[in-house]
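Engineer: Pasted the sequence and its predicted model underneath.
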Amino acid sequence: MVFYSEGSGFYKYFSGYIDYVLDHSDLAVHYVTSDFNDRIFEQKRKGLETYYIGPLALIQFMMRMDADMVVMTTPDLQNYHIKRSLVRKDVEYVYLDHGMTSFHLMLRKGALDHFDTIFCYGPNHMEEVRQTEARYGLPEKRLVRTGYPLLDSMLDSVRELGPVENDPPIILIAPSWQEDNLLEYCLDEILAPLLQTDFRLIVRPHPEFVKRFPKKIEDMVDRYKDYPDERLLFQTDFSSSETVYTADLVMTDWSSIAQEFSYATGRPSLFINTPMKVMNPDYQDIQAVALDISLRDVIGISVGLEDLPRLAEIAEDLIRHRETWRNRIQAAVRENIFDIGSGARGGGQYILDRLFRKESASEELSLLPRVEEQLRTLSADGIPDPEKAERFLAKKMETEPDGQSRGAILLELLDGLSGQAEDRREDA
């Protein structure tokens, strides 16, 4: 089996399932990454084989894929440069998302059409896939009910930190990186009222924004250089997520970080209604309401641009009543995420079951030549003494059939009947 990763930061989405497979089997996991500096190469674990495949070589590598299963977070299989295997038609392609958001809003139209199996973290994923299949007349995929292992890791990290009491309270401003994100759309209008309070503000741009627009980040930092870090910090070191878990409030536009923060900590998020992030302009073809929309006023409050002058007041109210919000958020987690606390179990066990089933089917195919040989022998020699054969077939198996394939049991029976035919030839 193969896990394909676009880069070093993606291992966290796979790790729970990989650990489950390695802990519960002797299978080898082949982990392929397109990042030469991927930290996966630092891991030395029995059963985990790691490889680097560059962007150009990746195209041929995927077309020549010879594996029983390929698991990936990269959508749009077959639509762009990553194609299904040309050498094997029975490779099972499994998609798992790197967030707990909605497929039909945050992925391109048709992004999942060429996958065989989808890991679903909650009821919304199952509804969205089935409704998409019905709407566009697509064949049904295998939908696997599984949790989100990364959420389990987040919950563990929050527990390890223990109670958080910040004085002054900390607001983490963590936007997405798409066009019209709040850094570019209304950062000054957001910071103006908040800087009039005692809040400590941490601006944590999306890593992709930092990578693509370093000059814009530099200009923002320069614009607010007169404020000490204890009041306003622009954080561009993403090696730790501690600021996410220890903040009192997250403020964002359409980033899934709000869902991660609120689900993991039980604290509310504050959403700014900038122009909506939409990857699929036809998302309304699907009846299900995207979680990215519906959760905005369930795990926190969403405010329009006209409310920005009141941000300080709104933030203070959310922080003051965060214990009330905790109960509401925990209910939302239970409603929207499967298998909290054992998120890898569903997906991990599915992988093992599928691969063992394929292995068993392969073994049965290897039995066919021997079965055919025995059948030819019986056909040539004729059926042995009917009464003796009847007693043989009625007799219990000498070996326990549990765990044996049907082909192995059949072959054992044929061996017995063939033995009777051989005895008859000797008697003759």
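Structural biologist: That came through fine. Remember, it's a predicted structure, so these values are computed and weren't measured experimentally.
Engineer: how close does V94 get to R200?
Structural biologist: When distance is defined by C-beta to C-beta, to the nearest Å, V94 is 43 Å away from R200. For every residue, glycine as well, the C-beta is placed using N, CA and C.
Engineer: Revised request: answer the last question for Y4.
Structural biologist: Counting by C-beta to C-beta - Y4 and R200 are separated by 40 Å.
Engineer: of the two, who's got more company?
Structural biologist: Y4 (24 against 20; other C-beta atoms under 10 Å).
Engineer: partners of the helix or strand hosting I171, with directions?
Structural biologist: Element membership of I171, judged by DSSP states H and E, is strand 170-173. If you go by DSSP bridges, strand 170-173 pairs up with strand 200-203 (parallel), strand 249-252 (parallel).
Engineer: buried stuff in that strand?
Structural biologist: I170, I171, L172, I173 (16 or more other C-beta atoms under 10 Å).
Engineer: Go through those residues and name the one nearest P281.
Structural biologist: Of all the buried residues of strand 170-173, I173 has the smallest distance to P281: 28.0 Å, by C-beta to C-beta.
Engineer: is it true that the closest one touches F199?
Structural biologist: No - counting by C-beta atoms under 8 Å, I173 stays clear of F199, with 10.5 Å between them.
Engineer: Quickly list the domain ranges of this protein.
Structural biologist: Domain segmentation of the chain under automatic domain parsing yields 2-148, 152-336.
Engineer: quick one: the strands in the stretch 151-300 of the chain?
Structural biologist: 170-173, 200-203, 232-234, 249-252, 269-272, 300-303 (DSSP state E, counting those that start in this stretch).
Engineer: now the ones you listed in a markdown table, with distance to M279 and mean pLDDT?
Structural biologist: Shown next, in a markdown table, are the strands of the stretch 151-300 of the chain (distance: least, C-beta to C-beta, whole Å; pLDDT from 0 to 100):
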| stretch | distance to M279 | mean pLDDT |
| --- | --- | --- |
| strand 170-173 | 23 | 97 |
| strand 200-203 | 25 | 96 |
| strand 232-234 | 27 | 95 |
| strand 249-252 | 17 | 97 |
| strand 269-272 | 18 | 97 |
| strand 300-303 | 20 | 96 |
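Engineer: would JSON lines of those with distance to C120 be doable?
Structural biologist: Listed next are these as JSON lines, based on distance: least, C-beta to C-beta, whole Å:
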{"stretch": "strand 170-173", "distance to C120": "29"}
{"stretch": "strand 200-203", "distance to C120": "34"}
{"stretch": "strand 232-234", "distance to C120": "37"}
{"stretch": "strand 249-252", "distance to C120": "25"}
{"stretch": "strand 269-272", "distance to C120": "24"}
{"stretch": "strand 300-303", "distance to C120": "24"}
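Engineer: Single out the most deeply packed of these.
Structural biologist: Most buried of those, by mean neighbour count (mean count of other C-beta atoms under 10 Å): strand 249-252, with a mean of 26.
Engineer: Run through this structure and note the low-pLDDT ranges.
Structural biologist: Applying pLDDT under 70 to the chain flags residues 360-372, 374-375, 377-386, 388-408, 410-411, 413, 416-428.
Engineer: and the nearest residue to I337 once chain neighbours are set aside, what does it touch?
Structural biologist: Leaving aside its sequence neighbours, I337 sits nearest to G122 (C-beta to C-beta, 6 or more residues apart in numbering; 5.0 Å). By C-beta atoms under 8 Å, 6 or more residues apart in numbering, G122 lies in contact with M100, N336, I337, F338.
Engineer: If you count neighbours, what's buried in stretch 102-110?
Structural biologist: S102, F103, H104, L105, M106, L107, K109, G110.
Engineer: Work out which residue lies at the spatial centre of this protein.
Structural biologist: L96 (3.4 Å; C-alpha atoms, centre = their mean).
Engineer: now the nearest residue to it once chain neighbours are set aside: how far from R108?
Structural biologist: Leaving aside its sequence neighbours, L96 sits nearest to F119 (C-beta to C-beta, 6+ apart; 4.0 Å). Using C-beta to C-beta, F119 is found at 19 Å from R108.
Engineer: From I340, how far out is the residue lying closest to M154 once chain neighbours are set aside?
Structural biologist: In this structure, M154 finds its nearest non-sequential neighbour in A264, 3.7 Å apart by C-beta to C-beta, 6+ apart. Per C-beta to C-beta, A264 is found 11 Å from I340.
Engineer: for F115, same thing?
Structural biologist: Taken as C-beta to C-beta, the span from F115 to I340 is 25 Å.
Engineer: ok, these two, which is more surrounded?
Structural biologist: Neighbour count, other C-beta under 10 Å: between F115 and I340, F115 has more, with 23 against 15.
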